[in-house]
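> kindly generate the corresponding structure for this input.
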Amino acid sequence: MNHAAQVAVARLRLDIGPAYDAAQSLYATLRDRRDARLLYRLTGDAQWREAYQEATRRAEGHLAGLVKSADALEPELRAQARRVEAAVTDLIAASPLPPPVPAPAPAGPAEQRAVARSRQAFAALETFIRQLERSRARVSARLGAIAAAETVVVLALGLLAIFVGAYIVDASRHLERDHEFETRRAERLARALAQADADRERTAALAALARATALALDPKEVAQTAIRHLEEHLNIKNVLVYAAAEGAHLQILAFDAPHPELFVQRWERIHWPTAELLVARAVRRGETVVAGRGDQGVPAASRQAMTALGVETLAAVPLYARGRLAGALVLLLPPEHVFTTAERELTEAMGRQVAVALENSRLLQEAEAEREKVRRAEAQREEFYREVVLAVTGGRLVLHERAELQPTCAENIAAVRDVRDIRAARVAVRERAIAMGLAPDRARDLELAVAEAAANAWKHAGGGSVCVCRTEEGVEAYVVDQGPGINPDDIARAAFEKGFSTAHTLGAGFTLMLSLTDRVHLVTDDHGTTVALEMRWQPLPQPEPWESWQAVNAP
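Residues are numbered from 1 along each chain as shown. Predicted structure coming up:
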């Protein structure tokens, strides 16, 4: 090799060699940094974070060396070196260490930008390396003395191509595996979301049915509500609701089905212990029965019914509540409807709610019937009590309901709050009665009777009011209080037993009121007591029961 060739080779080594070495080192370092970043994102291992940080530092050093060595290169190579510097600097700034994720996730915008910057940096660096290689090749072509060096460069490029190709193949495999993993993960997530939606819809359906049946008190209303909700949430038609009836029977409460006359004629009432029907079989087994028209074991009667109704599948759900048969649900499904497991579970859950609602309505009806019996018995007892009191007193003591006895006076003439008010009420009653035309001696009797009633109102109710009314037959004086009322069991004793008095009766003065007036009308309950003292223009004759009572109770 002559001197000129040696000089050219030396210049090539001095000018291109450092830049080429720096570019190769930078390329390898950026690749290590990218791999460490990906592995840390997938595993979160601290060693990959440290490897990433170390690779970043080395890349910055190699980049500085490349920029420094590029000053001695040709203008085209220097320009490409500046582009490499800009791309690598942008890559380092735009691809910080991402947070680890438990499993590969789709790349976000920031990650996509980092990938784009990485591609730009590698492309710029590869372009720079290729330009360096081309420059070296041109020098080698001009200088035959460096042919061996050119061969080495070619071999190096071949190895680099092999390495890059292997890396690309490996990266492709990784991407394929990541894609498969993400696909499976997306499928699992979709199934989980679908299940969550189904659970949410089921909960909403059960809540809506619970609210609706809670307001339904009549069994038929419960059945109609159940049919409406089943058809709405299962998107079906043709639902029947049976209720348990006497004698081990199932009785149709409500249904939405074709050919209603068939149900009324054939299946309105079923003796479930013996009937050869799917609904009876479900009740006997205590579990849901789902059968197709062509399935083996379907009773002939059920198959005939399904054929007549154009039904392909029948689902029968027994309704039990608190260990007691409440009824059954029957779903008649057309051929195009597939009764899924989710629909079956929802139907059974809604059936449990319907069973409780039917049982509650039955208990409510029984309780209402018992209450009605008690009310009738109480009314009969009260009516008998009133008639006995009326008969024993010869019609002088009349017990009323509150609506039957209301004062007709224009205004009250006295308010009773203390003893002085009682005396004032006596005077006002006597004067008002005489002014209305009552004889003075009878007015005095009315005065005394009112005084007794007012005293009782003051002592036992804290006070009351007094008014006097004129009627066609005489004068009526009313004493009204807002006390606790008189115990019904004490009225007879207060009327007929001399000296009897309690905190909740009219007291000993009650017998005096009966003896001084023509008739006493009485209303007493939790809202207070009203005593109406009736004085006719002419006194009523004393009845025989009154005389007998006086004789028995004579001192």
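> residue 128 against residue 22, yeah?
No - Residue 128 is not in contact with residue 22 according to CB atoms under 8 Å; the separation is 9.8 Å. For every residue, glycine as well, the C-beta is placed using N, CA and C.
> shared neighbours of those two, anything?
residue 66 (CB atoms under 8 Å, 6 or more residues apart in numbering).
> and the average pLDDT for the helix or strand encompassing residue 515 is what?
Following DSSP states H and E, the helix or strand that holds residue 515 is helix 509-516. Here helix 509-516 scores 82 as its mean pLDDT.
> do you know how far residue 351 is from residue 238?
Distance of residue 351 to residue 238, computed by CB to CB, to the nearest Å: 16 Å.
> kindly apply the preceding question to residue 136 instead.
Plainly put, residue 136 is 87 Å away from residue 238 if you go by CB to CB.
> residue 361 now?
For residue 361 relative to residue 238 (CB to CB), the value is 24 Å.
> with residue 166 instead?
For residue 166, the distance to residue 238 - CB to CB - is 67 Å.
> looking at those two, which is more packed in?
residue 238 (20 against 10; other CB atoms under 10 Å).
> what residues are up against the more buried one?
With CB under 8 Å, 6+ apart, residue 238 has these contacts: 256-258, 309, 311, 331-334.
> drop anything exposed from those residues.
Restricting the contacts of residue 238 to buried positions leaves 256-257, 309, 311, 331-333, with burial counted as 16 or more other CB atoms under 10 Å.
> any idea how far residue 472 is from the residue lying closest to residue 322 once chain neighbours are set aside?
Nearest residue to residue 322 in three dimensions, chain neighbours excluded: residue 359, at 6.3 Å (CB to CB, 6 or more residues apart in numbering). Distance, residue 359 to residue 472, by CB to CB: 59 Å.
> neighbour-wise, which of those two wins?
Counted by other CB under 10 Å, residue 359 and residue 472 do not tie: residue 359 has more neighbours, with 21 against 5.
> which residues touch the nearest residue to residue 361 once chain neighbours are set aside?
Excluding its sequence neighbours, the residue lying closest to residue 361 (CB to CB, 6+ apart) is residue 219, at 4.7 Å. Neighbouring residues of residue 219 by CB under 8 Å, 6+ apart: 243, 253, 358, 361-362, 365.
> residue 219 and residue 370, how far apart?
Using CB to CB, one obtains 17 Å as the distance from residue 219 to residue 370.
> go on, residue 65?
Distance check for residue 65 against residue 370: by CB to CB, it reads 102 Å.
> looking at these two, which one has more neighbours?
More crowded of residue 65 and residue 370, by other CB under 10 Å: residue 65, with 17 against 10.
> and the residue nearest to residue 322, what's its pLDDT?
86.
> so which elements touch the helix or strand hosting it?
Using DSSP H and E, residue 359 maps to helix 341-392. Judged by 3 or more CB pairs under 8 Å, 6 or more residues apart in numbering; DSSP states H and E, the packing partners of helix 341-392 are helix 147-215, helix 219-234, strand 313-321, strand 324-333, strand 397-399, helix 488-496, helix 544-552.
> state the mean pLDDT of the longest one.
Computed over helix 147-215, the mean pLDDT rounds to 76.
> kindly report the same for stretch 92-101.
On average, stretch 92-101 scores 75.
> show me the shaky parts of the stretch 351-500 of the chain.
Applying pLDDT under 70 to the stretch 351-500 of the chain picks out residues 380-382, 384-386, 388-393, 489-490, 492-500.
> let me fix that: the stretch 1-150 of the chain
Checking the stretch 1-150 of the chain against pLDDT under 70 turns up 1-15, 101-107, 142-150.
> how about 80 then?
For the stretch 1-150 of the chain, residues meeting the criterion pLDDT under 80 lie at 1-17, 41, 70-74, 77-78, 81, 94-122, 124-125, 128, 131-150.
> the helices in it, which residues?
Ranges of helices within the stretch 1-150 of the chain are 3-43, 46-70, 75-94, 109-142, 147-215, based on DSSP state H, counting those that start in this stretch.
> any chance of those helices in JSON lines, with distance to residue 521 too?
Converted to JSON lines, the helices of the stretch 1-150 of the chain look like this (distance: least, CB to CB, whole Å):
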{"stretch": "helix 3-43", "distance to residue 521": "97"}
{"stretch": "helix 46-70", "distance to residue 521": "100"}
{"stretch": "helix 75-94", "distance to residue 521": "102"}
{"stretch": "helix 109-142", "distance to residue 521": "93"}
{"stretch": "helix 147-215", "distance to residue 521": "44"}
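> nearest to residue 278, of the ones you listed?
Of all these, the one in closest proximity to residue 278, counting by CB to CB, is helix 147-215 (23.6 Å).
> packing partners for that closest one?
Counting contacts by 3+ CB pairs under 8 Å, 6+ apart, helix 147-215 is packed against helix 109-142, helix 219-234, helix 341-392.
> the same query, at a cut-off of 10 Å, please.
Judged by 3 or more CB pairs under 10 Å, 6 or more residues apart in numbering; DSSP states H and E, helix 147-215 is in contact with helix 3-43, helix 109-142, helix 219-234, helix 341-392.
> for the third one, buried residues please.
Neighbour counts over helix 219-234 (16+ other CB under 10 Å) mark 219, 221-227, 229-230, 233-234 as buried.
> from those, pick the one nearest residue 318.
residue 226 (14.1 Å).
> what residues are up against the closest residue to that closest one other than its chain neighbours?
With CB to CB, 6+ apart as the criterion, residue 226 has its nearest non-adjacent residue at 4.4 Å, and that residue is residue 354. Each residue near residue 354 by CB atoms under 10 Å, 6 or more residues apart in numbering is listed here: 209, 213, 222-223, 225-227, 229-230, 241, 317, 319, 321, 326-329, 347.
> and if you look at residue 463?
Residue 463 neighbours (CB under 10 Å, 6+ apart): 415-418, 421, 454, 457, 481-483.
> so how far is residue 359 from the residue nearest the centre of the chain?
Centroid check for the chain by CA atoms, centre = their mean gives residue 207 as the closest residue, at 5.1 Å. With distances taken as CB to CB, residue 207 is found 20 Å from residue 359.
> now swap in residue 183 and tell me
Separation of residue 183 from residue 359 (CB to CB): 50 Å.
> go on, residue 134?
From residue 134 to residue 359 the distance is 93 Å (CB to CB).
> got it, and residue 373?
Residue 373 sits 21 Å away from residue 359, going by CB to CB.
> which one of the buried residues of helix 219-234 is nearest to residue 267?
The closest of the buried residues of helix 219-234, once distances to residue 267 are taken by CB to CB, is residue 223, at 15.0 Å.
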